[in-house]
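K.L.:
For reference, the sequence and a predicted model appear below.
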Amino acid sequence: MTSPAVTAIHSRDNAFVKDLRRLAQDSTAYRKQGRVWLEGDHLCRAALERGQRPSVAVFCESNWPLDQAEWAQAAPKIVVLPDALFADVSGLESPARMGFVLDLPAPRALDAGAATVVLDRVQDAGNVGSILRSASAFGFRQVVAVKGSAALWSAKVLRAGMGAHFALNLLEGVDHAALQALRVPLLVTSSHGGEWLHRAALPWPCAWVMGHEGQGVSPVLEAQAALRIRIAQPGGEESLNVAAAAAICLHASGAAR
């Protein structure tokens, strides 16, 4: 097997380094560049296990001698950065020691019959990544992000998703009207009305709608819902974090299949 080219870069003003810094620190830079930054060995392994092939693998200078045995064939191009420069690029408080640059997967068309999660303006990147992870774990294969939701391929969402991105059909920037093409029933969560989740007969496949952290599901989607569902909270809290609510609801659907 041919060994990949290894390039050492020492300047923070190098064009590749500047682009990498934007990918790591600007949540929407991937849209302009058409590629994403996966930082850390866990996320990189998850991408490889799901058939992804990075265009570039990037390593800290101090770790590269140890990393070669495992990662030397991971990408056609290897870039080695001084530790301080890698830390300058990283968007993490405690930077990882390696990462991949991956071409942004081409978006697919909406699958009208797929088990789906709709993100209705969910804005926190950690919540979005956690919901993607739950969707993949519980058998949902499509996530549709309505305009106003956090950028699905941002570095923070990727880290929180822990590799779930590569098991899902992801669509973002979708408007409410486009969701009318779904041929599966819409289920919306509510803190004040609807059927109790533990008593409801949940359809499969379906599309769970998870709403804005403060405002909840928009009235236009609530009006289209086949079911309104609420989660029993015997401890008396007023509401649940949207990622926690999603995990409970998606598990209930997956377990009832």
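P.N.:
Nice, I can see it. Numbering: from 1, shown residues only.

K.L.:
Could I get the full set of strands for the stretch 1-150 of the chain?
P.N.:
5-8, 35-39, 56-60, 77-81, 98-103, 116-120, 142-146 (DSSP state E, counting those that start in this stretch).

K.L.:
And for residue 140, the neighbour number?
P.N.:
Around residue 140 there are 27 other residues, counting by other C-beta atoms under 10 Å. Where C-beta positions appear, they are placed from N, C-alpha and C, glycine not excepted.

K.L.:
So it sits against residue 250, correct?
P.N.:
Yes - in this structure residue 140 lies within contact range of residue 250 using C-beta atoms under 8 Å: 6.2 Å.

K.L.:
anything in contact with each of those two?
P.N.:
117, 208 (C-beta atoms under 8 Å, 6 or more residues apart in numbering).

K.L.:
Using a markdown table, lay out the strands of the stretch 1-150 of the chain together with mean pLDDT.
P.N.:
Shown next, in a markdown table, are the strands of the stretch 1-150 of the chain (pLDDT from 0 to 100):
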| stretch | mean pLDDT |
| --- | --- |
| strand 5-8 | 91 |
| strand 35-39 | 96 |
| strand 56-60 | 96 |
| strand 77-81 | 96 |
| strand 98-103 | 96 |
| strand 116-120 | 98 |
| strand 142-146 | 98 |
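
K.L.:
Turn those strands into a markdown table, columns for distance to residue 239 and mean neighbour count.
P.N.:
Shown next, in a markdown table, are these (distance: least, C-beta to C-beta, whole Å; neighbours: other C-beta atoms under 10 Å):
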| stretch | distance to residue 239 | mean neighbour count |
| --- | --- | --- |
| strand 5-8 | 51 | 12 |
| strand 35-39 | 32 | 25 |
| strand 56-60 | 41 | 24 |
| strand 77-81 | 44 | 21 |
| strand 98-103 | 36 | 23 |
| strand 116-120 | 15 | 26 |
| strand 142-146 | 20 | 24 |
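
K.L.:
Contacts only, for residue 210.
P.N.:
So residue 210 contacts 117, 118, 119, 120, 122, 131, 189, 217, 242, 245, 246 (C-beta under 8 Å, 6+ apart).

K.L.:
For the strands of the stretch 1-150 of the chain, could you give me CSV that also reports distance to residue 71?
P.N.:
Converted to CSV, the strands of the stretch 1-150 of the chain look like this (distance: least, C-beta to C-beta, whole Å):
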stretch, distance to residue 71
strand 5-8, 11
strand 35-39, 13
strand 56-60, 6
strand 77-81, 8
strand 98-103, 7
strand 116-120, 33
strand 142-146, 29
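
K.L.:
Quick one: closest of the ones you listed to residue 88.
P.N.:
Residue 88 lies closest to strand 77-81 among these, at 8.9 Å (C-beta to C-beta).

K.L.:
Name the surrounding residues that touch stretch 127-141.
P.N.:
Stretch 127-141 has contacts (C-beta under 8 Å, 6+ apart) with 111, 114-117, 119, 122, 143, 145, 149-150, 152, 156-162, 164-165, 167-170, 208, 210, 213, 241-243, 246-247, 250-251, 253-255, 257.

K.L.:
list the contacts for residue 206?
P.N.:
115, 116, 184, 185, 186, 187, 226, 253 are the contacts of residue 206 under C-beta under 8 Å, 6+ apart.

K.L.:
What confidence value was assigned to it?
P.N.:
Predicted confidence (pLDDT) for residue 206: 97.

K.L.:
okay, the contacts of residue 210 in CSV with distance to residue 93 next?
P.N.:
Formatted as CSV, the contacts of residue 210 follow (distance: C-beta to C-beta, whole Å):
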residue, distance to residue 93
117, 29
118, 32
119, 26
120, 30
122, 24
131, 23
189, 32
217, 34
242, 24
245, 28
246, 26
